[in-house]
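S.K.: Coordinates only, no sequence provided:
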């Protein structure tokens, strides 16, 4: 089978499957979120398209594809058109290093987590291009906020994500996952819980979800950096955003919730991982639909004055604990 | 001259300077078609704001000169469509004042019930939309909004059971009310207000202690006592700035003196103070409704026969200014009657209009995000601003 | 910004104003009771947990959505909906006598009636109602002496063509048969409003044969 195929093709099969799975998942995760949010608000949510609205994501996708693609006359055409793709690529790339089961992943790099963190912060380039290229005041303000916010929150995000790295003693995601065979890092006394909470908070901010969604802030900036986008380009941005959220949820599940560990036979592993990632996703969604957003200066204050020192301290104390335990 | 007023006029610099002019409205999610705020930004900070109103002008004052006293109360509800009962109330009071028309006790009490229920409904809508402005239609704000709408719906159901309509009621008429409460309404009303009383605690839990909400509302948009007096704001804004002025207490009308209630006052003058004032008003309104229901006397609902023709109500020559405490503050109606069935001249004093005039004084110096928070806490209804 | 006329100062609330109302106007103070220090991490955690608990509780409440076209909520008796003309119950004749009272009272002036004089009683020669401009204020129902114009318990008026909402006499009669009628009729409304004994001396309006 595989022997008959050229090696470059084999190398493409995995990414192809993952990519399509991610796109499929994104479409249905939007439905999940809408249903979840609707129930939280005493509504029903999508209901008309298909049984209980199950075909709604497909209808939405079709609608977005058929929409007119408008480029503002004063926009910087090249930047404007390129931005959604630049935005989408890092959001998709982050799935490359996530191990869905022991040995099942596109590329289990030995610096997997570093790759994830590096690539996921690349999305800001696309964001800024979109905001700048639109030549729109709302979009520009939003892009300014985006740069502020994402740079500020990537640091606590990284520090929080490095805690499991220290605990596991490896940058390889599959190693981190298997290091949690006994105890999930989310249940590691004190350090684990704190790191988990910080991770969730900085994920919320890095994904610009409410209460940190000042980039979009539709009551102030209409739709922020994507205000001028329509049709498929808008869909690409949306796709990228959700892919990023799901990617972060998977990362959280791998780092803190024991990845594929769970009762049942081993082949259920990916399912467990998926469940845990969806749990994280719903947790993020739950927070999102429970709070009002805060102001840009407050967000920066929170990041630099609270989260940064706190995560740094946590990281240092984790290091001390690890060294101490190794010494004992 | 007020000090803050000076900064509100800014020379717009189109030559590529540091300042950026940004339109908030009329095509904008926070001012959907009815209001335009021209913001001058320095980075994220607002240097000046020019408010443009008039998008919803419908010639209400002129229109009222062409409609009789029988017709206009049904239209008056359209000035402030969020609290439709209020403007009807003011108009009817003015006409009664000129004509020296007695209103039966039962009608007065019914008017109080409706006015207070309307206040609860209006405050619910305010809370929801304000949180949606602050929290986003794709976030917690929308959740609060839908909770509020859910509870407001129950009050609208009460109104619907009573008058048959949900938005524009036409409940008041000169000399009394047009509708008496139907069977079972009182019980349902009690159930509803008990339920809403309970749910208000939930909003408190969702918002008041919430650090995010607190950060957004505390210290934002401070209206000092002096500014409040100078600009002439009314209602919860005034009481949020430390002035205990409530028409229901200061100049009672329609038997408000029969009921006991508190007038909440906060001294901070910021968005959070206004929030607190309104949250207490919720409970006070519910308290009043309970008292009225307990003491609702039997009897006629109108001192005049039911309307049979358009020109049935004639008011003698004279003029009067009647004012009621609406959810947004003092709603006044100045009426000049010339003895015919139509008023000679009519003038509305909309609470939203005077409240809105405080915006250029308090917005400069805040961040863009605060504009929506401040505007929401002012709670303008543009039907009432533009009339 | 000219600030020529400052509004008058509000009435001083400290002066004794209302005879009733045992509870005085009171200042509840400036600082909220519990959220005094939102920087305290314990307060923050507790508040966040409280807010999220509220949304969680609501997650398990029944949605209040009504699937409208499939399922209609029950309309109250006094529902003000579509307007219609009815036939008299005993004789089966058209109840409208073309008196044009509703035309006069209609605030947005959407009703146009022409009277057809006849021997025993009058009829409406034509009766048109522009439903697209109607306010549903129920004043036409209120003044109708023969209870001819009534409202229906339905708001089913959506159409792709505005002209379909210009209702003539036949359409109005058809609507009257199609939907369920609301409680209100002219006589019932007037009976509800009228005082049992009128103090006619104080009446400024012409009596106009007004009976309760």
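M.R.: Sure, I can see it. Note that the structure is a prediction, hence the values are computed from the model and not measured.

S.K.: Would you double-check that residue B:347 falls in a strand?
M.R.: Yes - read with DSSP: H, G, I helix; E, B strand; the rest coil, residue B:347 is one of the residues of a strand.

S.K.: Run a quick neighbour tally on the closest residue to it other than its chain neighbours.
M.R.: Spatial nearest neighbour of residue B:347, excluding adjacent residues (C-beta to C-beta, 6 or more residues apart in numbering or on different chains): residue B:334 at 4.2 Å. In short, each C-beta sits where N, CA and C put it, glycine included. Residue B:334 sits with 18 neighbouring residues when counted by other C-beta atoms under 10 Å in any protein chain shown.

S.K.: just how off-centre is the one helix or strand residue A:88 maps to within its chain?
M.R.: Residue A:88 belongs to helix A:77-93 when assigned by DSSP states H and E. How far helix A:77-93 lies from its chain's middle: 16 Å, per C-alpha atoms, centre = their mean, to the nearest Å.

S.K.: For it, enumerate the helices and strands it packs against.
M.R.: Applying 3 or more C-beta pairs under 8 Å, 6 or more residues apart in numbering or on different chains; DSSP states H and E, one finds that helix A:77-93 contacts helix A:112-120, helix A:123-133, helix A:231-256.

S.K.: can you give me the helices in chain C?
M.R.: For chain C, helices defined by DSSP state H occupy the ranges C:41-59, C:101-105, C:139-143, C:169-178, C:186-193.

S.K.: I'd like those helices laid out as TSV, including distance to chain A.
M.R.: Below are the helices of chain C laid out as TSV (distance: least, C-beta to the nearest C-beta, whole Å):
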stretch	distance to chain A
helix C:41-59	4
helix C:101-105	40
helix C:139-143	35
helix C:169-178	26
helix C:186-193	36
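
S.K.: Go through these and name the closest to residue B:188.
M.R.: Of all the helices of chain C, it is helix C:186-193 that lies closest to residue B:188, at 18.7 Å by C-beta to C-beta.

S.K.: And the closest one, what's buried?
M.R.: C:186, C:189, C:190, C:192, C:193 (16 or more other C-beta atoms under 10 Å in any protein chain shown).

S.K.: Let me know the distance separating the third one from chain B.
M.R.: When you say that, I think you mean residue C:190. Look at residue C:190 and chain B: by C-beta to the nearest C-beta, to the nearest Å, they are 3 Å apart.

S.K.: correct me, but that residue touches residue C:144?
M.R.: No - contact criterion C-beta atoms under 8 Å: residue C:190 and residue C:144 do not qualify, at 9.8 Å.

S.K.: residues touching the closest residue to residue A:54 other than its chain neighbours, list them.
M.R.: Nearest residue to residue A:54, sequence neighbours excluded (C-beta to C-beta, 6+ apart): residue A:31, at 7.3 Å. Residue A:31 makes contacts with A:46, A:53, A:54, A:56, A:57, as judged by C-beta atoms under 8 Å, 6 or more residues apart in numbering or on different chains.

S.K.: Next, format the helices of chain C as CSV and append mean pLDDT.
M.R.: Shown next, in CSV, are those (pLDDT from 0 to 100):
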stretch, mean pLDDT
helix C:41-59, 79
helix C:101-105, 87
helix C:139-143, 88
helix C:169-178, 85
helix C:186-193, 80
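
S.K.: ok, back up a step: if we only consider the contacts of residue A:31, which is nearest to chain B?
M.R.: residue A:46 (15.0 Å; C-beta to the nearest C-beta).

S.K.: which residues sit in contact with the closest one?
M.R.: A:31, A:34, A:35, A:38, A:52, A:53, A:56.

S.K.: Of those residues, just the buried ones, ChimeraX syntax please.
M.R.: A single ChimeraX command selects the buried members of the contacts of residue A:46 (16+ other C-beta under 10 Å):
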select /A:31,34,35,38,53,56
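
S.K.: most packed of the helices of chain C?
M.R.: helix C:139-143 (a mean of 25; mean count of other C-beta atoms under 10 Å in any protein chain shown).

S.K.: Now find how far off-centre it is within its chain.
M.R.: Counting by C-alpha atoms, centre = their mean, helix C:139-143 comes out at 12 Å from the chain centroid.

S.K.: what's next to that helix, contact-wise?
M.R.: B:70-71, B:74, B:170, B:178, B:306-310, C:83, C:101-102, C:105-107, C:111, C:149-151, C:184-186, C:189-190.
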